[in-house]
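A.B. asks: Sequence below, structure please.
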Amino acid sequence: MIAGALYLVAGATWILATHPPGPQGLYALWFAAVAAAGCFIPGEANQVSLARAYLAAPALAYSLTAGMLGFLAVA
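C.D. replies: The predicted model follows:
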């Protein structure tokens, strides 16, 4: 649950800091859904693997925006 809370804070910070294209509520909903699913997955190693699911929203946002391919590579 701690990892889920940290990822929610990181996701909210990303949304507020970058103002990604598209409906920002969907990004918040995605982060909340993945955090809820993460509450049922035990182990720190699994939480690290779950980080890929959290990064799917930023990767999608950067892939849809022209000129953001560098950020996509980082995500």
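
A.B. asks: Give me the three-state assignment for the residue nearest to Leu64 when sequence neighbours are not counted.
C.D. replies: Spatial nearest neighbour of Leu64, chain neighbours left out: Pro21 (6.2 Å); criterion: C-beta to C-beta, 6 or more residues apart in numbering. C-beta here means a position set from N, CA and C on the backbone, and glycine is covered the same way. Secondary structure for Pro21, judged by DSSP: H, G, I helix; E, B strand; the rest coil, is coil.

A.B. asks: Got the confidence number for Pro21?
C.D. replies: We have a pLDDT of 80 for Pro21.

A.B. asks: Spit out the contact partners of it.
C.D. replies: Ala61, Leu64, Thr65 (C-beta atoms under 8 Å, 6 or more residues apart in numbering).

A.B. asks: Same check on Ser63?
C.D. replies: Ser63 makes contacts with Leu69, Leu72, as judged by C-beta under 8 Å, 6+ apart.

A.B. asks: That one and Gly38: what is the separation?
C.D. replies: Separation of Ser63 from Gly38 (C-beta to C-beta, to the nearest Å): 23 Å.

A.B. asks: Quick one: neighbours of Pro58, just the number.
C.D. replies: 21 (other C-beta atoms under 10 Å).

A.B. asks: residue contacts, it?
C.D. replies: Trp14, Pro20, Phe71, Ala75.

A.B. asks: let's go with 7 Å and repeat that
C.D. replies: Going by C-beta atoms under 7 Å, 6 or more residues apart in numbering, Pro58 touches Trp14, Ala75.

A.B. asks: outside of the longest helix anywhere in the chain, which residues touch it?
C.D. replies: Longest helix in the chain, counting residues (DSSP state H): helix 2-18. Identification of contacts with helix 2-18 by C-beta under 7 Å, 6+ apart yields Gln24, Tyr27, Ala28, Phe31, Ala32, Ala35, Gly38, Cys39, Gln47, Tyr54, Pro58.

A.B. asks: Identify the farthest-apart pair in those.
C.D. replies: The distance between the two most remote of these (C-beta to C-beta) is 24.6 Å, for Gln24 and Gln47.
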